[in-house]
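[1] Starting from these lines, generate the structure:
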Amino acid sequence: MAFAWLKNRAKQAPAPKSADKGLLVFDNTSEVIRAEGVLKRGGWTIRVMGPPPEIRTGCDLVIEFPLIEKLDILRALEEAKLTPLSAVPVSGPLLEPVSLFQVKDFGQHLMVRAANMKLTVDKRSGIIVNISGGGCPDVPYLADQLVGKTLAQAPSPRRIGHTLCGYALELAYQEMRRRC
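    As a prediction, this is how the structure comes out:
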């Protein structure tokens, strides 16, 4: 890979401060998901976030990246035939990206919300008790495949879902696995 030397450097880099971060803004969510894969395979330390209102363009996801890596990241995306609408520095608190996660502890149950999708688990058994939210056509299928299974038994939502809701549910699923 042309960017192999960056892979090691990116993994060793400390988390960027606000002034050291940039945001990649794309036309649609599919492009964000593809770009995330390209950049993670390239070894960059990135995060998919909600866009700040000041730069929202209709797509409700952006990629936060280390600003110092901007040129190399844009080259990697260009090689993958992905072109962001813009790559802007995070220059102040108004341009801070928004966390996609909200966590609610209901005592026996823990709910993680990522974007519009919610995943609820029984904390004692690890069984997924509810999937809700979103408006994509695969949400009922995703719920059918996950509810009643433990986090360890349930298939990855990203593997069986193909919409923004499936992607958001994957984020909630990964966060829940991290917490449980």
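[2] If the most centrally placed residue in the chain is in a bridge, with which residues?
    Closest residue to the average C-alpha location of the chain: residue 48 at 3.9 Å, with CA atoms, centre = their mean. For residue 48, the beta-bridge partners under DSSP bridges are residue 63.
[3] Next secondary structure after the helix-or-strand element of the chain with minimal mean pLDDT?
    Every helix and strand of the chain was ranked by mean pLDDT, DSSP states H and E. The lowest is helix 4-12, at a mean of 42. Sequence order places strand 21-25 as the next helix or strand after helix 4-12, per DSSP states H and E.
[4] Pull the distance from that next one to the chain's centre.
    In terms of CA atoms, centre = their mean, to the nearest Å, the centre of strand 21-25 is set 14 Å apart from its chain centre.
[5] likewise stretch 21-38?
    So, by CA atoms, centre = their mean, the centroid of stretch 21-38 is 10 Å from its chain's centroid.
[6] any idea of the mean pLDDT for that stretch?
    For stretch 21-38, mean pLDDT is 91.
[7] what does it contact?
    Applying CB atoms under 8 Å, 6 or more residues apart in numbering, the external contacts of stretch 21-38 come out as 46, 48-49, 51-52, 55, 57-67, 70, 73, 76-77, 80, 82, 84-90, 95, 97, 164, 167. For the C-beta atoms, the positions are set from N, CA and C on the backbone; glycine is no exception.
[8] Which positions within the biggest helix by length in the chain qualify as buried?
    Ordering each helix of the chain by length in residues (DSSP state H) puts helix 164-179 first. Neighbour-count burial for helix 164-179 flags 164-176 (criterion: 16 or more other CB atoms under 10 Å).
[9] Let me know the closest of the residues you listed to residue 106.
    Proximity to residue 106 was ranked across those by CB to CB; first place goes to residue 176, at 13.4 Å.
[10] residues contacting that closest one?
    Taking CB under 8 Å, 6+ apart as the test, what residue 176 contacts is 110, 112, 119, 121, 151.
[11] show me the contacts for the residue lying closest to residue 68 once chain neighbours are set aside.
    Excluding its sequence neighbours, the residue lying closest to residue 68 (CB to CB, 6 or more residues apart in numbering) is residue 20, at 6.7 Å. Contact analysis of residue 20 by CB under 8 Å, 6+ apart lists 66-68.
[12] Please save the CA atoms from stretch 104-116 in PDB.
    Only the C-alpha atoms of stretch 104-116 are listed here, as PDB (Å, rounded to 0.1, in the frame of the first residue of the first chain):
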ATOM      1  CA  LYS A 104     -29.400   5.400  29.000                       C
ATOM      2  CA  ASP A 105     -29.300   3.000  32.000                       C
ATOM      3  CA  PHE A 106     -32.700   1.700  32.900                       C
ATOM      4  CA  GLY A 107     -31.400  -0.500  35.800                       C
ATOM      5  CA  GLN A 108     -31.900  -4.000  34.400                       C
ATOM      6  CA  HIS A 109     -31.500  -2.700  30.800                       C
ATOM      7  CA  LEU A 110     -29.000  -0.600  29.000                       C
ATOM      8  CA  MET A 111     -29.900   1.300  25.900                       C
ATOM      9  CA  VAL A 112     -27.400   2.700  23.400                       C
ATOM     10  CA  ARG A 113     -28.600   5.100  20.700                       C
ATOM     11  CA  ALA A 114     -26.500   5.700  17.600                       C
ATOM     12  CA  ALA A 115     -28.000   8.300  15.300                       C
ATOM     13  CA  ASN A 116     -31.700   7.200  15.100                       C
END
